[in-house]
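Q: model this:
(chains A and B)
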Amino acid sequence: MSNEQNEQPEQLPGRLASQRPQRIRVQAPQDASLNVPLARPEHNTAQEFYVRQLIRSQLRLAVAVAAGLLAMLVGISALLALWPTAYEFTLLAIPLPWWILGIGMYPLIIIAGVLYNRAAARNEERYRSISRD
Amino acid sequence: MTSLFSSLALVVVCVTTMLIAFYGLRLSRTTSDFYVASRSVKPWWNASAIGGEYLSAASFLGVAGLIMLTGQSGLWFPIGYTAGYLMLLLFVAAPLRRSQAYTIPDFAQIRFEDSKSLRKLTTYLVVVICWLYIVPQMHGAALTLSIATGLPGWVGPVVVAAVVAITVVSGGMRSVTFVQAFQYWFKLASLVIPTIFLLIQVIPEQDTADRLRSLGTQLENISGLNLYETISIILALLFGTLGLPHVLVRFYTNPTGHTARTTTVIVLGLLSAFYLLPTTLGVLGLLYMPWLGSTNETDATVLLLPSAIFDGFLADALTAIVVGGAFAAFLSTTSGLVVSLAGALSQEFFAGTVRGFRISTVLATALPVLIAVVTNSLALAGAIGNVFAFTASTICPLLLLGIWWRSLTAKGAMAGMLVGAVTCGLALMLSSVIPPVDELWFHMMRQPAAWSVPLAFAVMIAVSRSTRRAVPSNTDTVMARLHVPDRGAQL
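A: Residues are numbered from 1 along each chain as shown, chains lettered A, B, ... in the order given. Below you'll find the model as predicted:
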């Protein structure tokens, strides 16, 4: 393997050539960034408690939204399978379930996303305000 | 004539993709540029890039194809793909961004730094998932190219692999972000234009009203998925998105956890807008090409529709646009997957050097081409659904429990992923060789997610409980890093 660091910088034409940064050999970050210190420098129980609270509130929020989503999707699929009358309602000759599934689901998913985003940011805000060190 | 226009469209897409990649190369200077675009990509760019990457052959061709093949059941796939993103937002987006990991194996290492074997297992699973996901893209490329130009089936995969390998090797992630963002808008346009033309043509026709009236009886003859299969697909798509390696790597290019969330919401909008199009085209396919439903070329619906409704120049031009868009889909998804796959391979086997990344890229593209050429496919979206079931049973429990449950142990994670991989993989393999029968056990084999995902979770939790002493001592610190909001955009 050639060591690119020691190579002469390429002679590039143009007046910007001298401004080009020298070539460096790039490498994936070694484990340095992956190691989280084992020992806790200051054993701050209050801080830990706030973090646990934050995690719990974020999880509760996420599970609530996910459960709602899942219940809605499974509920609709069950409803359509068990209640065939739904197909008798039509709009422009296309059965109602097609409109619900083809178009109607997407706005609900987006709204759920936006609402969740706000609530999650609020949880973080609350954490920030009580744990300010 | 069709063949000339379409070939032209194809060449334009491939050349543009490569040009943008080379432009991006000039901007990528440092190691982290190369890997995750310096984590400084704006949410809109990033969202477009995620959209570009996510909307694969299965979305572009497969959704309309499935609507032709299974009727209403086909509508669940785009809903699942979009709702899966919501799940990603809920459980994974911000914490994963804060974890400072580059890949899923990195995440495993951050959470359990003592367990080399967990990292290895995760790497192997990522590699398998990427390969499984690339093969349908190659099948899509083979189908598109042979329909559009009449060239033999192997040419498509080879073209896609070559373009992807060149773009990824030359630019790395930064340029891929540019390429992907471009791809989303291009894909959207290449379905919007034909859809508008088709709708303008068919809506005023009396013929359309007649066809619509017969749609009801036509739909009754299509056998869709039953309730169990539908629920299983919903679960697979919802939980599978969480574990898709090429999607996750995108979150590392957000500057903070908060922007990671903003990005995800934009993605939800972009995906919803896109999926209206293949859905509309699928319905038009049912109306105007009902015969296609009984052939094994339903995935070609989107490609064949323009020439079924128009003729002459307009048909050729619209077909060419769709072909271009389809190729953009294969190129973008494949390059995203190849970046993740090559990243995983090079970290594992080449100590993460850029040279190793390049060798890995070639490896990552060559094998799927071989597999795609020797196998054939039916229903792209269905094949992708299987990959989602597999990720949902393996990577998803690792991420969900790893992020949210402090009592997870490395042994538990490994046991859960192994059980999920083996049961889900075996069920899918067996169901593809056994002749289909209409019995519950067969449906459970063909759509395993409904039982294999809970099983993987249960095993992971049970084994973690019984190895309670092995919870890493730095768990609290790691959890704090995942969940404590970032201070501004500092890095």
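
Q: nearest residue to residue 115 other than its sequence neighbours?
A: As the question left the chain open, I've gone with chain A. What sits nearest to A:L115 in space, not counting adjacent residues and going by Cβ to Cβ, 6 or more residues apart in numbering or on different chains, is A:V65, at 7.7 Å. Bear in mind the C-beta positions are built from the backbone N, C-alpha and C, glycine included.

Q: switch to chain B, please.
A: Leaving aside its sequence neighbours, B:S115 sits nearest to B:A410 (Cβ to Cβ, 6+ apart; 3.6 Å).

Q: show the pLDDT at the one you found.
A: B:A410 is assigned a pLDDT of 87 by the prediction.

Q: buried stuff in the top helix by length along chain A?
A: Selection of the longest helix in chain A by residue count, based on DSSP state H, yields helix A:45-82. For helix A:45-82, the buried set under the neighbour-count rule, 16 or more other Cβ atoms under 10 Å in any protein chain shown, comprises A:47, A:50-51, A:54-55, A:57-59, A:61-62, A:65-66, A:69-70, A:73, A:76-77, A:80-81.

Q: now stretch B:89-104: average pLDDT?
A: Across stretch B:89-104, pLDDT averages out at 81.

Q: quick check, the residue nearest to A:L115 in contact with A:Y116.
A: Yes. At 5.0 Å, A:V65 counts as touching A:Y116 under the criterion of Cβ atoms under 8 Å.

Q: ok so, going back, so who does the residue nearest to A:L115 touch?
A: For A:V65, the contacting residues are A:A112, A:L115, A:Y116, B:L86, B:L90, taking Cβ atoms under 8 Å, 6 or more residues apart in numbering or on different chains as the criterion.

Q: burial count for the residue nearest to B:S115?
A: When counting by other Cβ atoms under 10 Å in any protein chain shown, one arrives at 24 neighbours for B:A410.

Q: where does chain A have its least confident helix or strand?
A: Ranked by mean pLDDT, DSSP states H and E, the helix or strand of chain A with the weakest confidence is strand A:90-91, at a mean of 72.

Q: kindly report the same for chain B.
A: Taking mean pLDDT, DSSP H and E as the measure, the helices and strands of chain B show their lowest mean at helix B:31-36, namely a mean of 50.

Q: does the next helix or strand after it come close to chain A?
A: Secondary structure here is assigned by DSSP states H and E; on that basis, the next helix or strand after helix B:31-36 toward the C-terminus is helix B:43-54. No. Contact check for helix B:43-54 against chain A, using Cβ under 8 Å from any Cβ of the partner chain: none in range, with a minimum separation of 11.6 Å.

Q: for helix B:43-54, packing partners?
A: Under the contact criterion of 3 or more Cβ pairs under 8 Å, 6 or more residues apart in numbering or on different chains; DSSP states H and E, the helices and strands touching helix B:43-54 comprise helix B:155-202, helix B:245-248, helix B:257-288, helix B:313-349.

Q: helices and strands around the longest one, which ones?
A: It stands for helix B:155-202. If you count contacts as 3+ Cβ pairs under 8 Å, 6+ apart, helix B:155-202 packs onto helix B:2-25, helix B:31-36, helix B:43-54, helix B:116-149, helix B:257-288, helix B:301-309, helix B:313-349, helix B:354-374.

Q: nearest to B:P78, of the ones you listed?
A: Judged by Cβ to Cβ, the one of the helices and strands packed on helix B:155-202 that comes nearest to B:P78 is helix B:257-288, at 3.7 Å.

Q: gap between the residue nearest to B:S393 when sequence neighbours are not counted and A:I94?
A: For B:S393, the nearest residue in space outside its immediate sequence neighbours is B:G420; the separation is 3.4 Å by Cβ to Cβ, 6+ apart. The gap separating B:G420 from A:I94 is 39 Å, by Cβ to Cβ, to the nearest Å.

Q: between those two, which is the more surrounded one?
A: Counting neighbours by other Cβ under 10 Å for B:G420 and for A:I94 shows that B:G420 has the greater number, 30 against 16.

Q: could the helices and strands packed on helix B:43-54 go into a markdown table alongside mean neighbour count and mean pLDDT?
A: Output for the helices and strands packed on helix B:43-54, formatted as a markdown table (neighbours: other Cβ atoms under 10 Å in any protein chain shown; pLDDT from 0 to 100):
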| stretch | mean neighbour count | mean pLDDT |
| --- | --- | --- |
| helix B:155-202 | 22 | 79 |
| helix B:245-248 | 25 | 73 |
| helix B:257-288 | 23 | 86 |
| helix B:313-349 | 26 | 83 |
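
Q: so which of the ones you listed is nearest B:F388?
A: Within the helices and strands packed on helix B:43-54, the stretch nearest B:F388 is helix B:245-248; the backing value is 11.2 Å (Cβ to Cβ).

Q: cheers, nothing more for now.
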